[in-house]
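[1] give me the fold of what follows.
(chains A, B and C)
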Amino acid sequence: MKRSRIALTAAALIMPTLASGAPAATKSAPPPPPYAGVYQPRGVDEIGIWRDEDEEERQLSNSPLVIRDEALNSYVKGVLCTAVGPDRCKAARIYILRTPVFNATMAPNGTMRVFTGLLLRMRSEAELAAVLGHEFGHFESRHGLNRFKAARSGTDLLSWAAVLTSMSGSYQSQSSFNSLQLSVYGGLFHYQRDNEREADLLGLGYLNASTLRPQAASQVWQNVMGEAEASASARGLKKPRFDAIAFTASHPPDAERAAYLSALASPEGASRDDGAARYAKAISSWLPLFLDDQIKLNDFGASEYIITMLSSGGWTAPLWCARGDLYRARGNQRDLVAAAEFYNNAVALDPKLPEAQRGLGLALLKTGRVSEGKAALSRYLALKPDAPDAAMIGMLTAKDS
Amino acid sequence: MLSKKLFAVAFAAVLFVTPATAQERTAVKKGFDLASGSGKTVLVMRPTVRVGAQSTGGMFEPNGDWTERSKKNIEIALTKIQGKLGNKIVVAPEAFGDGARLTEEYAALFAAVSQSVINYQFFVGNRLPTKKRDNKANIFDWSLGSGVANLPGAKDADYALFIYNKDAYGSTGRKLLQAVALLGPGIAVKSGEHAGYAGLVDLRTGDVLWLNADGAMGGDVRTAEGADKRVGQLLEGFPGSQSEKTSVTTAAVAKP
Amino acid sequence: MARLSTCTLIAAIMLCAFAAMPSLAGNALREKGKPATISGSPLTVTPSRDWNRLAISPGKKTELWTLDGENLNDVTFFAGIEPGKPLVREVSKKRKPLPKFTSNTLLVEVPELLEGTYRASKDIATFTVSGAKPDRFLEHDGIRFTYDYVDEDALPRRGEGRAALIKGLLYMATYDAPRLHYYDRTLEDFHALTDAAKLN
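    Numbers count the residues shown, from 1 in each chain, chains lettered A, B, ... in the order given. Down below sits the predicted model:
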């Protein structure tokens, strides 16, 4: 797709935004300015004795959290390049981190971190592109706005993680995103509200000029809100307040954001592909792992919401098995009955899935269906004789009821 | 299983109510002595630097910009001070893959060991009874384990110097709290945390031979001058260096 | 007047700090050869060497013992967790609930309960149960399991747990330590502690 040659400077892009306090909601986001190449390599003389490389990136690349799978990494990089174009995406180095948080960040030096919690929640390349494009927007506009940097002292820059924390509203959940692990590997940056809008504008600009469907950006927000509602509801909490300013008051409220993201998306892009099928295929071998990480966080409402969303692409054996795990973990009697049903659906689709046989066996045992339960556990052992807990399960199959 | 956050909050609460005490301590393993010009080689490990803000509630909020800047400042300061350390210095080589990951794991382990020394042996308020006993008997017995010999660069050196630095600058809220703590003399509300540890480790055994810990360091490491001051403090009394205090070798672990 | 209200504010904050804190009793010595009761429960442990018991613990009915500090070796005793309760104290029951031990939790599911507790309370995804086998504990049929995880301080740790379900309550002892040097160093001491543990 041919990119527009309109020579908008970054400042010109930003000034109207700040003056009005909101982006021009009636027009689509303009195409991004010509790419100036934002990352300037530093001179060798800057650091005395060690090679010129960022401490954070060094630690990041050696982190036990990084997923090093080449196929997944090149796929995610590919989506970024589709979103922002080949010139821009050269500036980014992507790290995928095994952390069950919905987040992506981009550091000033071009390090982009993508958390597995984000990959779990994206339904298409267009949605992933929307998030990555937004982060790239922060990265790009930061360097174009030195005067704003000077005006702020000690700026803290926030990323999407802040949105999720703001929904829970409590300081404790806020602090969970400030944990040392995330701080070292997550590169959390704290943005001001106007910077968030600015990144949205740029992000949509990239997307409008790409081959992907820009309406996906608003969809991401809808899903974020839906999940937060489901989570709060299952916990007996009042609905999260979407139109209230968040805890840190530094980024736009969610309902408003979904609305203007929708308005910023170019209408002629609505008929484009969003790459849902390609995304599902690329992520399919990782999905059970990321979903398992999510389920084990003990957030029933959010996990159920995500499973339901995933099922719109069709129920698979691993997805039924995951739902069984979710219900078995909560463990009320009626949950266990439901779990048995879900595991049964899983084994009906794939009798060779060992975890489903194991879960089925345990759920049946716990709901008084002992002989059926033992049979399922025996099938599990036959499928996975070297399972870590084979000896324990073996005892259950042998014992008299 | 104890959540590190919960522990940090509880421990901070302990400091909240105790009178302000000395926050700096140095210890030397009994029998260790390293003279200047000894012919031994010290491997200088890449320092671990964390810089951020401390919220009103005392939680650490990392700041990428500050950390990056401080890291560079500290490294430059270390370069300048090398010549004064008294013995041959070798900088840890650039490592990749498994060697790099091992280095990171040891840096994390050093931080954990230093934290334990500070929390449980060095300072009054929270000592472990067995460590109190060690203090009385002049025992300083901590180790990273003999696996340190596998660190990149280890085979060409006798000792390794590890440095860990964490700065949490007090936020407005916490400074306010500090300002209104009017309950009486001696009650100190800590605003901000500026902790640093420097340790010398035997590369054959992993034993910590010298540890300098300071829980209230000066110098704003976000500036070059501040980093100079900080590194100077961290390496004060480094065995064999010109700045060595003679009192160091008599194991300065304090009375319980 | 202003001074009074400021004092009230500070007092309120300190009261909160105190309430949130466990008793200021201090870290205690657990002497070699002297039987020690865990958290006022029927569980007694007679150490084969001197240990330290931390003033703070992760929850009711738990105690944390250590030689060098919980970062380096952490033995946690869970002395009779009741059905419906989590293993450790919840920071927020409503906003961050932890998995609960229930009356129909099976012994084979205890490692999953520990895993879920660690993952949910620490927001980590790096936890693996590496093995689980039947093993006697407190003179009852029990389980012994091992695990690996990476905590918030980015230091990979290894762990071993021993548990039994006795009269509907969960009794468990876990041992966590960095996999570099520390895990191996104190593993046998953990075994000695748990082998000698008794339920009165």
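[2] any regions of the chain where pLDDT drops low?
    Assuming you mean chain A. A:1-26, A:36-56, A:108-109, A:142-194, A:241-253, A:399-401 (pLDDT under 70).
[3] wrong one, chain C
    Those would be C:1-25, if you go by pLDDT under 70 across chain C.
[4] give the buried residues for stretch B:68-75.
    B:68-75 (16 or more other CB atoms under 10 Å in any protein chain shown). C-betas here are computed from N, CA, C, even on glycine.
[5] quick one: the helices in chain B?
    Counting by DSSP state H, chain B has helices at residues B:4-17, B:64-81, B:97-117, B:129-136, B:172-179, B:224-234.
[6] can you tell me if stretch A:70-87 touches chain C.
    No: applying CB under 8 Å from any CB of the partner chain, one finds stretch A:70-87 separated from chain C by no less than 15.1 Å.
[7] restrict the buried residues of stretch B:68-75 to contacts with chain A.
    On the criterion CB under 8 Å from any CB, B:68, B:71-72, B:75 are the entries of these that sit beside chain A.
[8] need the contact list for whichever residue of chain C sits closest to chain B.
    Residue of chain C nearest chain B, by CB to the nearest CB: C:H181 (2.6 Å). By CB atoms under 8 Å, 6 or more residues apart in numbering or on different chains, the residues touching C:H181 are B:109, B:143-147, B:206.
[9] swap the cut-off to 6 Å and go again
    With contact set as CB atoms under 6 Å, 6 or more residues apart in numbering or on different chains, C:H181 has these partners: B:G145.
[10] show me which of the ones next to chain A among the buried residues of stretch B:68-75 is closest to C:H191.
    B:K71 (42.4 Å; CB to CB).
[11] pLDDT score for that closest one?
    Per-residue confidence (pLDDT) for B:K71: 76.
[12] does it touch B:V49 like I think?
    Yes: counting by CB atoms under 6 Å, B:K71 touches B:V49, with 4.4 Å between them.
[13] endpoints of stretch C:142-160, how far apart?
    Terminal residues of stretch C:142-160 are spaced 13 Å apart (CA to CA, to the nearest Å).
[14] list the buried residues in it.
    Neighbour-count burial for stretch C:142-160 [16+ other CB under 10 Å]: C:142-160.
[15] so what's the gap between it and the chain middle?
    13 Å (CA atoms, centre = their mean, to the nearest Å).
[16] same thing with stretch A:375-393?
    34 Å.
[17] span of that stretch from start to end?
    The straight-line separation of the ends of stretch A:375-393 (CA to CA) is 11 Å.
[18] that one close to chain C?
    Yes: contact of stretch A:375-393 with chain C (CB under 6 Å from any CB of the partner chain) involves A:388-389, A:391-392.
[19] identify the residues contacting that stretch?
    A:354, A:357-358, A:360-361, A:396-397, C:108, C:129-134.
[20] the same query, at a cut-off of 8 Å, please.
    For stretch A:375-393, the external contacting residues (CB under 8 Å, 6+ apart) are A:343, A:347, A:351-352, A:354, A:357-358, A:360-362, A:364-365, A:394, A:396-397, C:107-108, C:111, C:129-134, C:143, C:145.
[21] check stretch A:341-353 too.
    Contacts of stretch A:341-353 (CB under 8 Å, 6+ apart): A:315-318, A:320-321, A:323-324, A:327, A:356-357, A:359-360, A:363, A:376, A:379, A:383.
[22] for stretch C:30-47, same thing?
    Under CB under 8 Å, 6+ apart, the answer for stretch C:30-47 is C:48-53, C:57, C:60-63, C:65, C:77, C:79-80, C:138, C:171, C:192-194, C:196-200.
[23] in PyMOL, select just the buried ones from those.
    Buried residues among the contacts of stretch C:30-47 (16+ other CB under 10 Å), as a PyMOL selection:
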select buried, chain C and resi 51+52+53+57+60+61+62+63+65+77+79+80+138+171+193+194+197+199
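[24] out of the contacts of stretch C:30-47, who's near chain B?
    C:50-52, C:57.
[25] nearest to B:K132 among these?
    Closest approach to B:K132 among these (CB to CB): C:N52, at 9.7 Å.
[26] can you tell me the helix or strand for the residue most central in space within chain C?
    When chain C is reduced to its mean C-alpha position, the nearest residue by CA atoms, centre = their mean turns out to be C:T76, at 3.3 Å. Assigned by DSSP states H and E, C:T76 falls within strand C:74-81.
[27] each with direction, which strands does that strand pair with?
    Here strand C:74-81 has these sheet partners by DSSP bridges: strand C:62-66 (antiparallel), strand C:169-178 (antiparallel).
[28] which one of the ones you listed lies closest to A:L212?
    Each of the strands paired with strand C:74-81 has some distance to A:L212 by CB to CB; the shortest is strand C:169-178, at 44.7 Å.
[29] okay, the closest one in PDB with CA atoms only?
    Output in PDB follows, covering the C-alpha atoms of strand C:169-178 (Å, rounded to 0.1, in the frame of the first residue of the first chain):
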ATOM      1  CA  LEU C 169      -6.600 -30.900  57.700                       C
ATOM      2  CA  LEU C 170      -3.600 -30.300  55.500                       C
ATOM      3  CA  TYR C 171      -0.200 -30.600  57.000                       C
ATOM      4  CA  MET C 172       2.700 -29.700  54.800                       C
ATOM      5  CA  ALA C 173       6.400 -28.600  55.000                       C
ATOM      6  CA  THR C 174       8.000 -26.900  52.000                       C
ATOM      7  CA  TYR C 175      11.700 -26.100  51.400                       C
ATOM      8  CA  ASP C 176      12.700 -23.400  48.900                       C
ATOM      9  CA  ALA C 177      16.200 -22.300  48.000                       C
ATOM     10  CA  PRO C 178      18.100 -20.900  45.000                       C
END
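[30] got the angle for that strand vs helix B:97-117?
    Counting by axes from the mean of the first three to the mean of the last three CA atoms, to 10 degrees, strand C:169-178 lies at 110 degrees to helix B:97-117.
[31] and chain C, is stretch A:308-324 touching that?
    No: using CB under 8 Å from any CB, we find that stretch A:308-324 stays clear of chain C, coming within 12.9 Å at best.
[32] show the end-to-end separation of that stretch, please.
    So stretch A:308-324: terminal residues 13 Å apart, CA to CA.
[33] just the buried positions in that stretch, please.
    Neighbour-count burial for stretch A:308-324 flags A:310, A:315-324 (criterion: 16+ other CB under 10 Å).
[34] now do stretch A:228-242
    Neighbour-count burial for stretch A:228-242 [16+ other CB under 10 Å]: A:228-232, A:234-235, A:237, A:240, A:242.
[35] can you name the residue of chain B nearest chain A?
    B:T79 (3.1 Å).
[36] excluding sequence neighbours, find me the nearest residue to B:S146.
    Among residues not flanking B:S146 along the chain, B:G206 sits closest, at 5.0 Å (CB to CB, 6 or more residues apart in numbering or on different chains).
[37] what sits against the one you found?
    Counting by CB under 8 Å, 6+ apart, B:G206 has contacts B:143-149, C:181.
[38] C:L72 too?
    Neighbours of C:L72 in contact, by CB under 8 Å, 6+ apart: B:112-113, B:116, C:66, C:177-178, C:182.
[39] dump the residues you listed to TSV, plus neighbour count.
    Listed next are these as TSV, based on neighbours: other CB atoms under 10 Å in any protein chain shown:
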residue	neighbour count
B:A112	25
B:V113	29
B:S116	22
C:T66	24
C:A177	27
C:P178	24
C:Y182	26
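[40] in the stretch 151-300 of chain A, which spans are helices?
    A:161-168, A:171-176, A:180-186, A:193-208, A:216-234, A:254-264, A:276-283, A:287-295, A:300-311 (DSSP state H, counting those that start in this stretch).
[41] now tabulate those in a markdown table and tack on distance to chain B.
    Output for these, formatted as a markdown table (distance: least, CB to the nearest CB, whole Å):
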| stretch | distance to chain B |
| --- | --- |
| helix A:161-168 | 11 |
| helix A:171-176 | 5 |
| helix A:180-186 | 4 |
| helix A:193-208 | 14 |
| helix A:216-234 | 21 |
| helix A:254-264 | 22 |
| helix A:276-283 | 26 |
| helix A:287-295 | 18 |
| helix A:300-311 | 21 |
